[in-house]
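Trainee: below are the sequence and a predicted model for it; my questions follow.
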Amino acid sequence: MPVIIDLDKRIQHSKDRQFTGILSIQAEAQTPWHLYFLAGQIVWANTKRQAKRRWHRQLLQHCPELIQQKTSSDQVLTYQALAKSVMRKKFSREHFSELVAGCISEILFDIIQQGTLNFQASRKLLIHKAIPRDAAKFPCIGLQHIQLWEHAQQEWQLWEQSKLIDILPNQAPVITEPKSLRERTSLAMFRALTGLVDGQQTLRDLALRVRQPLVPLTLSVLPHIRNDFIRMVDVDTLEDTPDSISRPSPSYQIRSDADIRSQSAVIPKSQPLASPPPKLSPNGPTVLYIDDSPTDSETMAQIIQAAGYRYVNIADPLQALPQLLEIKPQLIFLDLVMPVANGYELCAQIRRISAFRETPIVIVTNNDGIADRVRAKVVGASGFMGKPIKQQRVLKVLKKYTQAHRTTTVNMRQHSKLSPST
């Protein structure tokens, strides 16, 4: 891809020469993006479009307590204000890095997408301009070598593979043909869509609101966009109301009708689509189960959700690797016997991804012999759990691995989240 190759050269050049300053990037007739470099590392990024919305969304996701403090103190929560708090040791550097890395990641993704669309239309690459700054007067804070640029490329690859190149996550879906939409969808899906899709919240806003990864959520509404029942519209301003972008405590969860029919959705059949999931902290553990059995998946969902965790099932092992980077689970249950790829092979592939080298992976199987355990250790599995799936077994694994995860939450999130060249 010429756009990514060109961007990679620019970012690598800035890294090699320890550039401090701003790299301004622009597509034809569009608002420029600005990447801020400190000694060759990307430490901040912004653009005028949706700046307030983007910052507010990252605050909700990573530092929701700051939103509450702001409402009581009227403090302006800008980058500069939080950076000063970090330097005065009044705000955690780790939380600041998460917040800033989220903004940078979104902008890097947008640069790749808009650059790609621009190149397809005009065969022209993005315009770049480097603006040096005096490091002593540059009000930016380093992000402790977070690899944002590499992750942004992975996020784009997943988006591209999902055939979403022309769908802009900063646009908001709005229902334009409610009657046709009702005729072509289930009642549950129609109610979920009408409760969420209002033309004021972008796809990124909605993903945060319903606590679903961006790609699966977008794919669930994509057929209705292609059929012109839902239209994507530009939205910029963030209304000054508390509910303009809702906190991550949804009343609805969007699932495609295909997911509902296949019983492979996150919520078990016994739970109505429109009922709220367990109340969780925005950064609570996500548990992933890779298994092609709808019955076992539903059993696992009931146990894990009842324990207060987020639960995601991937039924197709061939789709597991692309979705892992989007879901970012803190614990992975992996069935041993599946079509095409077995659990040992998939476990080895997951361990090759740097972001998941430390993520607990538990093999789920009927084969619980010494040889099986040895082979599981060789491919990097953290543990074994026998079948049939029982509540006591699952809760024991959750307690063991998610408690261990909490002691290293900051480091794990730095490795598993979006990030740039260092």
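Mentor: Perfect, I can see it now.
Trainee: only C-alpha atoms from now on, for both contacts and neighbour counts.
Mentor: Will do.
Trainee: distance of Lys129 from Gly40?
Mentor: Distance from Lys129 to Gly40, counting by Cα to Cα, to the nearest Å: 15 Å.
Trainee: more neighbours: the two, which one.
Mentor: Gly40 (20 against 11; other Cα atoms under 10 Å).
Trainee: test my guess that that one contacts Lys15.
Mentor: Yes: counting by Cα atoms under 8 Å, Lys15 is a contact partner of Gly40 at 3.8 Å.
Trainee: what about Ile363, which SS state?
Mentor: strand (DSSP: H, G, I helix; E, B strand; the rest coil).
Trainee: tell me the phi and psi of Cys140?
Mentor: Main-chain dihedrals, Cys140, degrees, to the nearest 10: phi -120, psi 160.
Trainee: contacting residues for it?
Mentor: By Cα atoms under 8 Å, 6 or more residues apart in numbering, the contact list for Cys140 reads Leu38, Val43, Trp44, Ala83.
Trainee: again with Ala83
Mentor: Taking Cα under 8 Å, 6+ apart, we find Ala83 in contact with Phe96, Cys140, Ile141.
Trainee: rounded mean pLDDT for whatever helix or strand it lives in, please.
Mentor: For Ala83, the host element (DSSP states H and E) is helix 79-87. Helix 79-87 comes out with an average pLDDT of 90.
Trainee: what comes up buried for it?
Mentor: Tyr79, Leu82, Ala83, Val86 (16 or more other Cα atoms under 10 Å).
Trainee: what's the following helix or strand after that helix?
Mentor: Per DSSP H and E, the helix or strand that comes after helix 79-87 is helix 93-122.
Trainee: what is the subsequent helix or strand relative to that following helix?
Mentor: Sequence-wise, the next helix or strand downstream of helix 93-122 (DSSP H and E) is strand 127-132.
Trainee: report the inter-axis angle for that following strand versus helix 93-122.
Mentor: 150 degrees (axes from the mean of the first three to the mean of the last three Cα atoms, to 10 degrees).
Trainee: how deep is the nearest residue to Arg49 once chain neighbours are set aside tucked in, by neighbour count?
Mentor: Leaving aside its sequence neighbours, Arg49 sits nearest to Asp236 (Cα to Cα, 6 or more residues apart in numbering; 6.6 Å). Residues within reach of Asp236, counting by other Cα under 10 Å, total 17.
Trainee: what's near enough to touch Asp236?
Mentor: Neighbours of Asp236 in contact, by Cα under 8 Å, 6+ apart: Arg49, Gln50, Arg53.
Trainee: now the last one: which helix or strand?
Mentor: Arg53 belongs to helix 51-62 when elements are defined using DSSP H and E.
Trainee: and that helix, how far from the chain's centre?
Mentor: 14 Å (Cα atoms, centre = their mean, to the nearest Å).
Trainee: buried residues in it?
Mentor: Arg53, Arg54, Trp55, His56, Arg57, Gln58, Leu59, Leu60, Gln61, His62.
Trainee: do the same with stretch 120-137
Mentor: Buried positions in stretch 120-137, judged by neighbour count with 16+ other Cα under 10 Å: Lys124, Leu125, Leu126, His128, Ala130.
Trainee: excluding chain neighbours, give the residue nearest to Ala130 in space.
Mentor: Nearest one to Ala130, counting by Cα to Cα, 6+ apart, is Leu23 at 4.5 Å.
Trainee: scratch that, Gln305
Mentor: For Gln305, the spatially nearest residue (Cα to Cα, 6+ apart) is Tyr311, at 6.4 Å.
Trainee: now the one you found: how far from Ile350?
Mentor: Distance from Tyr311 to Ile350, by Cα to Cα: 19 Å.
Trainee: could you pull out the strands for the stretch 201-350 of the chain?
Mentor: Assigned by DSSP state E, counting those that start in this stretch, the stretch 201-350 of the chain shows strands spanning 230-233, 286-290, 310-314, 331-335.
Trainee: surely Ile42 is within a strand?
Mentor: Yes: with three-state DSSP as the criterion, Ile42 is part of a strand.
Trainee: partner residues bridging it?
Mentor: Under DSSP bridges, the beta-bridge partners of Ile42 are Phe37.
Trainee: that one contacts Leu35, correct?
Mentor: Yes: checked against Cα under 8 Å, the pair Ile42 and Leu35 is within contact range at 6.7 Å.
Trainee: neighbour-wise, which of those two wins?
Mentor: Per other Cα under 10 Å, whichever of Ile42 and Leu35 has more neighbours is Ile42, with 33 against 22.
Trainee: neighbours around Asp372, how many?
Mentor: What Asp372 shows, counting by other Cα under 10 Å, is a neighbour count of 15.
Trainee: ditto for the one 3 residues further on
Mentor: If you count neighbours by other Cα under 10 Å, Arg375 ends up with 12.
Trainee: and it, what is it in contact with?
Mentor: Contacts of Arg375 by Cα under 8 Å, 6+ apart are Tyr344.
Trainee: please give the element, helix or strand, for it.
Mentor: helix 370-378.
Trainee: what residues of that helix count as buried?
Mentor: Taking 16+ other Cα under 10 Å as the criterion, helix 370-378 shows Arg373, Ala376 as buried.
Trainee: and if you look at stretch 315-324?
Mentor: Those would be Ala315, Pro317, Ala320, Pro322, Gln323, Leu324, for stretch 315-324 by 16+ other Cα under 10 Å.
Trainee: look up how far Phe356 lies from the second one.
Mentor: Distance of Pro317 to Phe356, computed by Cα to Cα: 16 Å.
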